[in-house]
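Trainee: Here is a sequence with its predicted model. Questions after.
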Amino acid sequence: QVQLIESGGGLVQPGGSLRLSCAASGRSFESYVMAWFRQSPGKEREFVAAIDSPGTSTHYVDSVEGRFVISRDNAKNTVYLQMDTLKPEDTAVYYCASAMTGWGMSEYAYDFWGQGTQVTVSS
């Protein structure tokens, strides 16, 4: 069992930055693939980024490539999402997720989820 708690969301102006954190409790954090998803009102949950267990390989959805960076600190059981040059269309609830069997862009690839943190990009 893994428990995930996101933090760092908030209101930011277009062009601004935020860093999301996801703290994990439970065993073997360093064995899990970690990912971020997001969901806007009326839309399906969307893959944003994933990172492999040692933190050496990352994957991004095209719309955030070059603006967002996913990273992890296995000593702190934490995964991060640095978001720069934010746009209004990035507004969503951001969720952290973990997987034991490899990364994927489908939410069904992930076993455990956090409760989400709201990110609002508006002037």
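Mentor: Yes, it's here.
Trainee: could you say what helices and strands the helix or strand where residue 94 lies packs with?
Mentor: Assigned by DSSP states H and E, residue 94 falls within strand 92-99. Packing partners of strand 92-99 (3 or more Cβ pairs under 8 Å, 6 or more residues apart in numbering; DSSP states H and E): strand 2-7, strand 18-26, strand 33-39, strand 112-113, strand 117-121. Every C-beta, even on glycine, is put in place using the N, C-alpha and C of the backbone.
Trainee: as a whole number, average confidence for that strand?
Mentor: Strand 92-99 shows a mean pLDDT of 97.
Trainee: Give me the distance between the two termini of stretch 110-122.
Mentor: 30 Å (Cα to Cα, to the nearest Å).
Trainee: For that stretch, give me every contacting residue.
Mentor: 1-14, 16, 18, 20, 22, 35, 38-39, 83, 86-100, 104 (Cβ atoms under 8 Å, 6 or more residues apart in numbering).
Trainee: which among those end up buried?
Mentor: By neighbour count, with 16 or more other Cβ atoms under 10 Å, the contacts of stretch 110-122 hold 2, 4, 6, 8-9, 12, 18, 20, 22, 35, 38, 83, 86, 90-99 as buried.
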